[in-house]
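**Q** fold the following for me, if possible:
(2 chains)
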Amino acid sequence: MTGHEHDEALEQLLHRTLTDEADGVMPAGDGLSRIRTKIAARQRRLLWLRPAVALGSAAAVAAVALGAYALVGSGNSNHREIGPSTQTPTSEPTPTNSVSPTPAVTATTFPPLAIYPFPDKQAADSWDHDYLQQIGPAASYTDPKQVATMWVQSLGITDVDQVTGTTTSADDTTATVTLGRTMTAEQGGTVDVTDVHLVHYLDAWLVVGASDAQSLLRIDSPAAGDGVSSPLTVTGPTWGGVEESVNFDLRSLDDAGNSGSVATGNAFFGNGPATWSATLRYRLSHDSWGELVATELSQADGGTQRLVAERVNISGNTAAAPLTYFYAPKDGRIAEFAAADASFVRYITPIEPGGGASDPKTAEGSQLLYYLQGGGTCANTLMEQDLLAASGATPPPPRTVATPDAGYVITGFSAPTGSPSSPDAPMAYVESACDQGAAVQQKLVMTDVDGHQHVIKFEGNPPAIVGDPAVDLNGDGVFAVLHTGTANSVVRYSMSAGNGPNDYAQPCPAMQSSGFDPQALAWEPVGKGLVWVVGQSGSHSSVGYCDLQHGYSPDQFTVPAASSDISVSSQVFATVLVATTDGQLWRYDGGGPATKLSPSIPITEVTW
Amino acid sequence: MGSLADDRGVPFVDTFTADDQVDAEGALVALYTTQYRSLVRIATLLLHDVPAAEDVVQDAFVAMFAAWRRLRDPDKAVAYLRQAVVNRARSRLRHLKVVDAYDPGPVTDAVSAETVAMRSVEHARVMDALRRLPQRQREVLVLRYYADLSEADIAAALGISRGAVKSHASRAAATLRQTLEFAS
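**A** Numbering: from 1, shown residues only, chains lettered A, B, ... in the order given. Okay, the predicted model is just below:
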């Protein structure tokens, strides 16, 4: 057989094998109904996020979906009691002022607000099965006082270890255990800290929430049982204190009774507004049961003074939500910002003495971050950080992708495409000389899909490449904004041919004849592939794109300032961010005018 | 409170009009009818787990539904679905670590051991060799030889360049030839 025949035979074998394999797969017939259910759940979840709606429909849905139990408030008091919620849908949300004196639930109804030791029925049933068979678990969960104490300890709170009171309902279905602590020797005595609410389920007692034993600290939003997503705003009433400080801990729960902190925050208040609020932000790769814990420390001795907790359901957000975040430099590090309101979320890159991080770019569906790390005078490196791993407790150190020659710094780059972690993934970067007298002022370093490197040297300045180049979708060309002394133009260099800065093609000639002065460009890899270009046009910046098949489409949108950077989403069609030289940030969603975002710091470099 | 945005960050509740909802519902049914089965099969070839594949495809349809106001075009929607399925399958493999590339594991949940035993040795060897390929290479082969997509469509679905598609396909073929001792 010839090589060609071998190729054809292999292709036929692959086609036949994959088709046979796939044809054996028959999806269940309920796919459409399951999709509709998920759509309805999504819309309901989004509606829950609307403050105006949340108190109505959300609670009605929750009443149905979560079963028979709810934590209910008693009028203006923050004291909470365990009571039955209605079994039928109601437009009235919890909390409600009517508390039935007679719990109407049975001990076989799993309390949906359970947070400890089992947040779900299956784990509780499994424990009970083993308990009845006298295998494995001890009987500690059968004592509400022990369960309450162990729960507080599971939060890392060790000073609240005194049981100061217990109330159990007549039918033994609910209990409230008051826990306190011993004040320091100077103060003396025992002080009540929290009322832990429990429900009897099978043979176990389950914590379903906790309220302030002094009836002052209370969480109004989110309500117990709510679904929450990042950013989470927690609110409650102030009580006329002075310099109060409440700490919040959003914790995920697993079915083994373990919990871990997902986000923390604080609220400070005194004799001011009637409510306090705190915003918690988190990254979590999966949905999770959760508990929201609020504590206040004593100003007298620093011990725990108040403790409030409730069950919430945490929505994961790491991988499934494109355009949730963008990235930009902040304080010499690359930071993550929320796309919805441009607020700061977290730092991605570590503090590096000797230089700051700049020029962020993402790849692989915004799962990998590339950036330039300064390393002192006339030195920097192109680095890669895994954004998902950076969310972990021990993020791995960034990986070095490219280092310039001595005497040069990297001044622009195109993030690797295809297999970014592979050393031969297509990429390009620009090295610029630190010495204005250097014989070679710039080098355009290009690596093609086969790992071959091709360098074009710029022996004068101008011409010079401005900003970042961009490897095109074919992986065999590099687009760049070229400054020629009088104006800028968009050019395309071959990744395998050409010896000098003038060996380029003009991919978008119509752009050049329009009087448009390009400043920055970016590839949009979604769909057919376009190069988006932002440039000066009169007193404002205009953004257009060049479709290599259909030509130049100018003026998709404008921003009222000189541009400094542009980024196009790799996951969603025609979604663009433009940063301006004065630090403004604009977002375009494929139609209509661009929307101005309001980051807390000026942003001149940005990436989705 | 949390942002009211869909997967693209576009406000969802406030801008999804009744007309949008009707259009999206019609598109959902049409695309489900024509695309669902093949997308589940593609996802199964990538995940080796039918329930997980169905879940991934359903989530892609949910995302497409939310994105309909901007997509509107069925061709765009198919491309969107395909890309979403591949991305979500990859995310599931990467984030949940449910698949060991070197562990053949069960072929699919829907295929019995008896059926597997009846399959040809050649089929089993090829599937085993495919599972041992790097993820990107496997994706390219599945989209090329099962879904019959063009290089451009594969590039769009994977969010990579056409050159990278060629490169992955070439490397995968070389590996398979060696693994299967194909030329001998």
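**Q** quick one: the helices in chain B, in order.
**A** Using DSSP state H, the helices of chain B run over residues B:18-47, B:50-66, B:68-71, B:74-96, B:113-118, B:121-131, B:135-141, B:151-158, B:162-179.
**Q** next, the angle helix B:18-47 makes with the second one.
**A** The one in question is helix B:50-66. Using axes from the mean of the first three to the mean of the last three Cα atoms, to 10 degrees, the direction of helix B:50-66 lies 150 degrees away from that of helix B:18-47.
**Q** for the residue of the stretch 401-550 of chain A found nearest chain B, helix, strand, or coil?
**A** Nearest residue of the stretch 401-550 of chain A to chain B (Cβ to the nearest Cβ) works out as residue A:475 at 2.5 Å. Just so you know, the C-beta spots here come from the backbone N, C-alpha and C atoms, and that holds for glycine as well. State at residue A:475, reduced to three classes by DSSP: H, G, I helix; E, B strand; the rest coil: coil.
**Q** which residues does it contact?
**A** A:417, A:418, A:426, A:448, A:449, A:495, B:161, B:162, B:163, B:164, B:167 (Cβ atoms under 8 Å, 6 or more residues apart in numbering or on different chains).
**Q** nearest residue to it other than its sequence neighbours?
**A** residue B:163 (2.5 Å; Cβ to Cβ, 6 or more residues apart in numbering or on different chains).
**Q** neighbours around the one you found, how many?
**A** For residue B:163, the count of nearby residues is 24 (other Cβ atoms under 10 Å in any protein chain shown).
**Q** about what we covered before: of the contacts of residue A:475, closest to residue A:402?
**A** residue A:426 (13.0 Å; Cβ to Cβ).
**Q** skipping adjacent residues, who's closest to that closest one in space?
**A** Using Cβ to Cβ, 6+ apart, the closest residue to residue A:426 is residue A:475 (4.2 Å).
**Q** pLDDT at that neighbour, what is it?
**A** At residue A:475, the predicted lDDT confidence score is 72.
**Q** residues near residue A:28, how many?
**A** Residues within reach of residue A:28, counting by other Cβ under 10 Å, total 12.
**Q** what's the distance between it and residue B:36?
**A** Using Cβ to Cβ, to the nearest Å, residue A:28 is found at 11 Å from residue B:36.
**Q** over to residue A:32?
**A** 8 Å.
**Q** next one: residue A:530
**A** 30 Å.
**Q** and those two? Which one has more around it.
**A** Using other Cβ under 10 Å as the criterion, residue A:530 and residue B:36 rank with residue A:530 on top: 23 against 20.
**Q** list the contacts of the more buried one.
**A** So residue A:530 contacts A:523, A:524, A:545, A:546, A:547 (Cβ under 8 Å, 6+ apart).
**Q** check contacts around the fourth one.
**A** Applying Cβ under 8 Å, 6+ apart, we find residue A:546 in contact with A:490, A:507, A:508, A:511, A:530, A:531, A:533, A:552, A:553.
**Q** so which strand or helix has it?
**A** In the assignment (DSSP states H and E), residue A:546 maps to strand A:540-547.
**Q** over to residue A:113?
**A** Going by DSSP H and E, residue A:113 is not in any helix or strand.
**Q** neighbours around it, how many?
**A** Around residue A:113 there are 25 residues (other Cβ under 10 Å).
**Q** now it: how far from residue B:160?
**A** Distance from residue A:113 to residue B:160, by Cβ to Cβ: 46 Å.
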